[in-house]
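A.B. asks: return atomic coordinates for the entry below.
(one chain, ligands or ions: 1)
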Amino acid sequence: MKVERLAIPDVILVTPPRFSDNRGFFSETYNIQRMKEAGIDLPFVQDNQSLSREKGVVRGLHCQLDPYAQGKLVRCTRGAIWDVAIDARTGSPTYGKWVAAELSENNWSQLWIPPGFLHGFCTLTDNAEVQYKCTALYDKASERAVIWNSKELAIDWPMKAEDTILSEKDLQAPEFSEAKGWFQYK
Ligand SMILES: Cc1cn([C@H]2C[C@H](O)[C@@H](COP(=O)(O)OP(=O)(O)O[C@H]3O[C@@H](C)C(=O)[C@@H](O)[C@H]3O)O2)c(=O)[nH]c1=O
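C.D. replies: This next block holds a predicted model:
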């Protein structure tokens, strides 16, 4: 399995092998031992899947507060997305910095986003299907969001604001300064 630590080294891009033959392919998309060797060793308790019908859908930037803070292992099984992780851990040397990776049905990569990060993505194709494993259960009261195009974060999204589609909730999210103190760097 290919393993790459990104500019924020706690964020890890992994690419499991795909074995192709005349029928199609086979792939171990999650193997606890290989993920542990890659540095992803928290237990997962919930699997999620979303479908975004159109290119330009933005979901995020989302997190849950402790004790429901979630690590997420994200992949794209249909189409392509641009996935972004933002370090929101107070005291972290990379606090307020972001990293991104393209995840697609073609490159077969998965992005590990630890607890204490905000997460979001935009779809690069129509009908983008995203599946991700989470280390904590959904807890509505613990959910928090930061605005996707935060001036403070200056995320270099690969599309213009006028081409995006967001939920009402995400359009009303506050600036990153609101996230101060949500998480501590451990
Ligand atoms: C996230 C979530 C939502 N829901 C419900 C609440 C709501 O009625 C409906 C849609 O929820 P949302 O609009 O929050 O879905 P969405 O905007 O796709 O939220 C997701 O965005 C990405 C970026 C993440 O990182 C995820 O953790 C999650 O926050 O699904 C659950 O039942 N369980 C869950 O775990």
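
A.B. asks: how much space between the spatially closest residue to residue 165 that is not a sequence neighbour and residue 166?
C.D. replies: In this structure, residue 165 finds its nearest non-sequential neighbour in residue 57, 4.8 Å apart by Cβ to Cβ, 6 or more residues apart in numbering. For the C-beta atoms, the positions are set from N, CA and C on the backbone; glycine is no exception. Using Cβ to Cβ, to the nearest Å, residue 57 is found at 8 Å from residue 166.

A.B. asks: thought residue 115 was touching residue 11, still the case?
C.D. replies: No - judged on Cβ atoms under 8 Å, residue 11 makes no contact with residue 115 at a distance of 12.0 Å.

A.B. asks: so those two - more neighbours on which side?
C.D. replies: Between residue 11 and residue 115, counted using other Cβ atoms under 10 Å, the more crowded position is residue 11 (25 against 22).

A.B. asks: spatially nearest residue to residue 149 (excluding sequence neighbours)?
C.D. replies: Residue 149's closest residue in space is residue 161 (Cβ to Cβ, 6+ apart), at 6.1 Å.

A.B. asks: got it, and residue 148?
C.D. replies: Of all residues not flanking residue 148 in the chain, residue 58 sits nearest, at 5.0 Å (Cβ to Cβ, 6+ apart).

A.B. asks: is the one you found in a helix, a strand, or coil?
C.D. replies: Under DSSP: H, G, I helix; E, B strand; the rest coil, residue 58 falls in the strand class.

A.B. asks: shift numbering so it begins at 14
C.D. replies: In the new count, where the first residue is 14, that last one comes out as residue 71.

A.B. asks: can you pull the contacts of it?
C.D. replies: By Cβ atoms under 8 Å, 6 or more residues apart in numbering, the contact list for residue 71 reads 133, 134, 135, 161, 170, 177, 178, 179, 183.

A.B. asks: distance of the spatially closest residue to residue 89 that is not a sequence neighbour from the ligand?
C.D. replies: Leaving aside its sequence neighbours, residue 89 sits nearest to residue 116 (Cβ to Cβ, 6+ apart; 4.1 Å). Distance of residue 116 to the ligand, given as Cβ to the nearest ligand atom, to the nearest Å: 12 Å.

A.B. asks: could you count how many residues lie near the nearest residue to residue 190 once chain neighbours are set aside?
C.D. replies: Closest residue to residue 190 apart from its sequence neighbours, by Cβ to Cβ, 6+ apart: residue 165 at 6.2 Å. By the measure other Cβ under 10 Å, the count of residues near residue 165 is 13.

A.B. asks: does the residue nearest to residue 178 touch residue 183 like I think?
C.D. replies: No - if you go by Cβ under 8 Å, residue 70 and residue 183 don't touch, sitting 10.2 Å apart.
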